[in-house]
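Undergrad: just need the structure, nothing else, for what follows:
(chains A and B)
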Amino acid sequence: MQKRNYDRRIKITPDGKRTVVSFVLLVFFLIIMYLVQPSLMKPSRLITITNGQLCLLLGGIGQTLVLLAGGIDLSIGGVICLSNSIAALYMPDSIPGMILMSLLIAALGVGIGMFNGVIITRFHVQPFVVTFTVNYVLLGIALKLLPIDGGEPPARYVSGLLHNFGIFSLSMILVILILAGWVFMRRTRFVRNIYAVGCNAKASALNGIDVSKVKIMTFALSGGLAALAGLWRTAQLASGSPDAGDALTMPSITISVIGGTSMAGGMGGVVGTVVGAYILRLIQDLLTFLGAKSFWSTVFQGVFLVMTVGVCSVIDMKKGGKKNG
Amino acid sequence: MADFEMRHISKSFGNVHALEKANFSANRGDCMGLLGENGAGKSTLVKILCGVEKEDEGEVILFGKKMHRRTPREAMEEGVRVVHQELSLIPNGTVAENLFMTDRESIFGRKTLKSLTEKAAALFEKFDVTDLDANEYVSDIPLAKCQKIEILKALAFDFEILVLDEATSALTEKDVEWLFGLVRKLSKEGKIIIFISHRLQEINSICERITIFRNGTSVCEAKRDEMDTDQMVTLMLGRKMAGYYPERCDCMTEEVLLHVEDLRNNELNGISFDLHAGEILGVGGLSGQGQAALFEALYGAAPVGGKILIRGKEHKLHDTSAALKNGIALIPEDRGSQGLALPLSVKENITLASLSKIRKGPFLSATKENELVAEMIEKLQIKTDTPEVPVVTLSGGNQQKVVLAKQLLVGPDILLMYDITRGVDVGTKREMFNLMLDHCQEGKAILFFSTDTEELVHMCNSIYVMFEGKFKERLCGSAMTEENIIRVSVGEAAV
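TA: I've put the predicted structure just below:
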C-alpha cells in the first residue's frame, strides 16, 4: 500500500491568489499615495474614505455574490435610489421607528432581488436583461416619490450612523463585521453552493443542488444589501436623490472585478471586493491630488481594470484551467 | 498508389490515443464502408480528413498531392465534403440559405434570397428531391428531413470525396433508398464515397469494399463479398488482453432494489427492468441509442413517463436531489461538464453533494470535512498533493476518482455508472472495478453502461443491449459475449 503523503503546508488556493493580487495593488497605491501626499495618511482619512465608500461597498458585495453564482445584477443602482428616496422622505424621528423603517426598506430590497431571481430562473431570461429593465422601473418609482433631490432625514439618524468611536467610525466597524461575517459564511453550505453553481451549474444540478434557489438567494441578498447601501447613503448625504445612486451600478462591478471576482462565476470573494472598494477610492484621490482632469480618472480606471483582469486570467491559465482550448 | 490515401495517421487527445498509425485508402468510384466499435477512431479519422482536427503524425494524399495544414474550408476547396453525424443546420435560416451556407458569396450577401431559392430548386431537380421546400425555415422541418438537407448541403458543391458519417441514422426508409441510389450514381461518376454506419445491413447492401478499424488503427481492408457478418464482427472486436478484471462475485440476491416499468420520453421507447441487490446490470449498445436518456431519467435529470419503484415504493423523481435522497447516484459521462466544478478544490468537489453530512449547526465542520475527504482519498487512492488543489490540475483518471468519491460519499444504494472508464488508464480501471464489486458485496446495486463491450461481459450479471430507445435483447449466462453485444447493437440477432 502506498503511503498517503500529502503535504500539510498551507498552499494558496487560486481564489486566494486572486485576492492576493488585490492586496498587492492596495499596498502599491498606498505607497504611491504616501509619496504624493504623506499628510493624508492618517486615521481620520480612513474614516472619511470608509464613510464615503461604504455605500458602494455594500452594493459591491451584493454584486460579488451574484457574480459568484454566475449572474449579474444591474439593478443595484435602482435599488439604492429607491431606498435612498424612501428613507429621505419617510424616515421617522424615533429610534424604534427608524429601526422599523430601515427593516422595511431592507425587506423591500430583498423582495426586488427575489423578483429578479425568480424571473431569471423561472422564465430563463438573461440576468442582464431582467435586472437592466427592473432598474428602469425602480428609477421611475424613485422619481415619482421624490421628483427632485431633497427630503430631510432626521438629524438623529444622520448623526447616529456617522458616529465615531475614537479612531473607529461605525462604518469601519461595519466593514470589519462584514469581513468577519464572510469568513464564517464561507463555511456554510449556502456559500459553497454559490461557488459550485458559478463554476458549473449543470454539474451542481446533477449533484442535487437546487440551482434556481441558490441563484434567487444571491439576487435577494444583492437587493437587500443595495437597500442597506441606500440607507447609508441617506445618512451620508443627509438628503435623498432619485437618480444619483444609479451611477453606482458599474462601480459595483468594477470593485468586484478588481477584487478578483470572475465575471464568469465561481471565482473570487467578498474580501477582494472590500479591498477593491478602497483601491478604487485611492485611484480617484491620487488622480485628484495630481491635478488630473476628471476624464483621466475614468481612463485610468478603465486601463487599470483591464490590467487586473489580465493578471487574474494569467493565474487561471497557469493552473491549467484551459486545457483543451 | 491509391487515388486517396491517409497514411500512418496518429492522433492523441491528452492521454487517449484516438488513432495510432492508422491507414486508409480508396480509389475513384469506390464506395468504401468504414466499420468499427465505438471509440475505434472512425470519427477522428473523418475529422482529420475534413480539417476539424489536425493529425499529430501522418499524411493525407489526394490524387498524388499531399494535403497539409488544412482548415475545414481548405479541405472543402480540395473537394472533401462530409455529412457529419451531428446536424449542423441553422434553425432560423431557410432551407436554401442552409444549403449554400458554405458558399462564400452568399455569406457576404451578394446573392439574393431569390437566386438562392433558384439554385436550391435546381439542386432538388438534379438529385430528384421532391419533398423539400427551399423557402421553408429549418426550425419547422422534422428531423428526418433535416438529415436529408444535411446530405444535400454536401452535394451542393463539386467534390471528390463524400463522407457519410452515420448519415442514415435519422432517415426514413424511403430516403435511405434515395441515398443509396445517389451513392451508386456518384460512384459511377468516379467520386470516392466513404460510408460509415452502425447498420451492417446497409454496409452490405451498398459498399463494395470495407475497412475495419479497431482501437485506433485499421485492421483489415477487404472486398465486402469476401467476408461474412461473423468475420466482420470478430474483426471489429479483436482479441483483447483480459486479466485485469476482478473475480466476479456471486452476491446477487432476490431482493429487488429498483423496479422500472415502461419508461418513455422522446428518446426512450418503453423500458422495463428489475435491478436486484448485489447485481451489476449492464447496459450495452452503440452510443446514441437512448442510454444517456435512460440514465438521466433514473437520476431525475430528465422528465419521463412510466413507473420507478425503489425498494417496492413508487417514486416520482422530479429532480436530482430527490434521486439522491432515495439512494440513487449518477457517475456521469463527461466529468468535466457534468461531474465536477473544475476550478474548485478536490475537497470541495468530494463533499459537493453531501454537505448536509458535515454540517454542525449553521456551519460546515472543517474537521469533519477533512476527515471524510481524507478517508475517501485513501479509499480510492486519489493522487493529489493536498485536498486543497483545484481538481482541474489532476489527471483524467484521478478526476474520475474524485467524481466517484463524491457519489460514494452520498452513500447510494443504486449507482448509475455511465461510461465511467472512458479515457481512464488501465490501473485506475482495475481499481474502479474492485470498488464496484465492493459496492455490490454490501448489498447494493449498479446499473453499468459502457461503450467497452469487454468490460460489460466481465463485470455484469446480465446485459441489456439498447437499440433505438429500447432494450432489444437481454443477454445472460453463456450468451453474454462480446460478439452477441455487437451483433445485437448492429441490428442482428444474438447467437
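
Undergrad: got the residues of the stretch 351-495 of chain B near chain A?
TA: B:352-353, B:355-356, B:359, B:362-364, B:366, B:374, B:377-378, B:381, B:384-390, B:392-393, B:406 (Cβ under 8 Å from any Cβ of the partner chain). Yep, even glycine has a C-beta here, placed from its N, CA and C like the rest.

Undergrad: how does it look with 7 Å?
TA: Within the stretch 351-495 of chain B, the residues that sit near chain A (Cβ under 7 Å from any Cβ of the partner chain) are B:352-353, B:355, B:359, B:362-364, B:366, B:378, B:381, B:384-386, B:388, B:390, B:392-393.

Undergrad: list the contacts of the nearest residue to B:Lys383 once chain neighbours are set aside.
TA: Nearest non-adjacent residue to B:Lys383, counting by Cβ to Cβ, 6 or more residues apart in numbering or on different chains: B:Asn398, 5.3 Å away. B:Asn398 is in contact with B:382-384, counting by Cβ atoms under 7 Å, 6 or more residues apart in numbering or on different chains.

Undergrad: backbone phi and psi for B:Asn398, please?
TA: The phi and psi values for B:Asn398, taken as degrees, to the nearest 10, are phi -70, psi -40.

Undergrad: tell me the mean pLDDT for stretch B:449-464?
TA: On average, the pLDDT along stretch B:449-464 is 87.

Undergrad: what comes up buried for the strand or helix carrying A:Leu54?
TA: Taking DSSP states H and E as the criterion, A:Leu54 maps to helix A:43-68. By 16 or more other Cβ atoms under 10 Å in any protein chain shown, the buried positions in helix A:43-68 come out as A:46-47, A:49-68.

Undergrad: hmm, that helix touching chain B?
TA: No. Helix A:43-68 lies out of reach of chain B by Cβ under 7 Å from any Cβ, never closer than 11.6 Å.

Undergrad: now the next helix or strand after that helix: average pLDDT?
TA: Toward the C-terminal end, the helix or strand that comes next after helix A:43-68 (DSSP H and E) is helix A:76-90. In this model, helix A:76-90 has a mean pLDDT of 96.

Undergrad: can you check stretch A:226-241 too?
TA: 94.

Undergrad: how about it as PDB, C-alpha atoms only?
TA: The C-alpha trace of stretch A:226-241 is given here as PDB (Å, rounded to 0.1, in the frame of the first residue of the first chain):
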ATOM      1  CA  ALA A 226     -28.300  47.500  -2.100                       C
ATOM      2  CA  ALA A 227     -31.200  48.700   0.000                       C
ATOM      3  CA  LEU A 228     -28.800  49.000   3.000                       C
ATOM      4  CA  ALA A 229     -26.400  50.900   0.800                       C
ATOM      5  CA  GLY A 230     -29.300  53.300   0.100                       C
ATOM      6  CA  LEU A 231     -30.000  53.700   3.800                       C
ATOM      7  CA  TRP A 232     -26.300  54.500   4.400                       C
ATOM      8  CA  ARG A 233     -26.300  57.000   1.500                       C
ATOM      9  CA  THR A 234     -29.200  58.800   3.100                       C
ATOM     10  CA  ALA A 235     -27.300  59.400   6.200                       C
ATOM     11  CA  GLN A 236     -24.100  60.200   4.400                       C
ATOM     12  CA  LEU A 237     -25.700  62.900   2.200                       C
ATOM     13  CA  ALA A 238     -28.400  63.800   4.800                       C
ATOM     14  CA  SER A 239     -30.700  64.000   1.800                       C
ATOM     15  CA  GLY A 240     -32.300  62.000  -0.900                       C
ATOM     16  CA  SER A 241     -31.700  61.800  -4.600                       C
END
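
Undergrad: quick one: that stretch to chain centroid distance?
TA: 15 Å (Cα atoms, centre = their mean, to the nearest Å).

Undergrad: ditto for stretch B:278-290
TA: Using Cα atoms, centre = their mean, the offset of stretch B:278-290 from its chain centre is 12 Å.

Undergrad: which outside residues touch it?
TA: Contacts of stretch B:278-290 (Cβ under 7 Å, 6+ apart): B:38, B:198, B:251-253, B:267-268, B:275, B:291, B:436, B:440, B:443, B:445-449, B:451, B:453, B:456, B:459-469, B:485, B:489.

Undergrad: lowest-pLDDT helix or strand in the chain?
TA: Just going to use chain A. Least confident helix or strand, chain A: helix A:294-318 with a mean of 79, by mean pLDDT, DSSP states H and E.

Undergrad: let's do chain B instead
TA: Ranking chain B's helices and strands by mean pLDDT, DSSP H and E puts helix B:104-107 last, a mean of 57.

Undergrad: now the element after that helix, going C-ward?
TA: Scanning forward in sequence from helix B:104-107 by DSSP H and E, the next helix or strand is helix B:113-126.

Undergrad: how about that next one: buried residues?
TA: B:116-117, B:119-121, B:123-124.

Undergrad: check stretch B:268-283 too.
TA: Buried, per 16+ other Cβ under 10 Å, within stretch B:268-283: B:268-269, B:271, B:273, B:275-283.

Undergrad: mind checking which of those residues are in strands?
TA: Among the buried residues of stretch B:268-283, the ones falling in strands (DSSP state E) are B:269, B:271, B:273, B:275-276, B:280-283.

Undergrad: export the residues you listed to TSV and tack on pLDDT?
TA: TSV is the format used below for these (pLDDT from 0 to 100):
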residue	pLDDT
B:Asn269	88
B:Ile271	91
B:Phe273	93
B:Leu275	93
B:His276	92
B:Ile280	93
B:Leu281	93
B:Gly282	93
B:Val283	93
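
Undergrad: closest one of the residues you listed to chain A?
TA: Nearest to chain A among those: B:Val283, at 18.5 Å, using Cβ to the nearest Cβ.

Undergrad: how near is the closest one to B:Lys307?
TA: 19 Å (Cβ to Cβ, to the nearest Å).

Undergrad: ok, A:Pro147 next?
TA: 63 Å.

Undergrad: so between the two, which is more surrounded?
TA: For A:Pro147 versus B:Lys307, neighbours defined as other Cβ atoms under 10 Å in any protein chain shown are more numerous around B:Lys307 (14 against 10).

Undergrad: burial count for B:Asp56?
TA: B:Asp56 - counted by other Cβ under 10 Å - has 14 other residues nearby.

Undergrad: contacts only, for it.
TA: Applying Cβ under 7 Å, 6+ apart, the residues contacting B:Asp56 are B:10-12.

Undergrad: which of these are buried?
TA: B:10-11.

Undergrad: from the contacts of B:Asp56, which is closest to A:Val270?
TA: Of all those, A:Val270 sits closest to B:Ser12, with 42.5 Å by Cβ to Cβ.

Undergrad: now the helices for the stretch 51-200 of chain B?
TA: B:72-77, B:95-99, B:104-107, B:113-126, B:143-155, B:173-188, B:200-206 (DSSP state H, counting those that start in this stretch).

Undergrad: ok now the last one, how far from the chain's centre?
TA: The chain centroid and the centroid of helix B:200-206 are separated by 21 Å under Cα atoms, centre = their mean.
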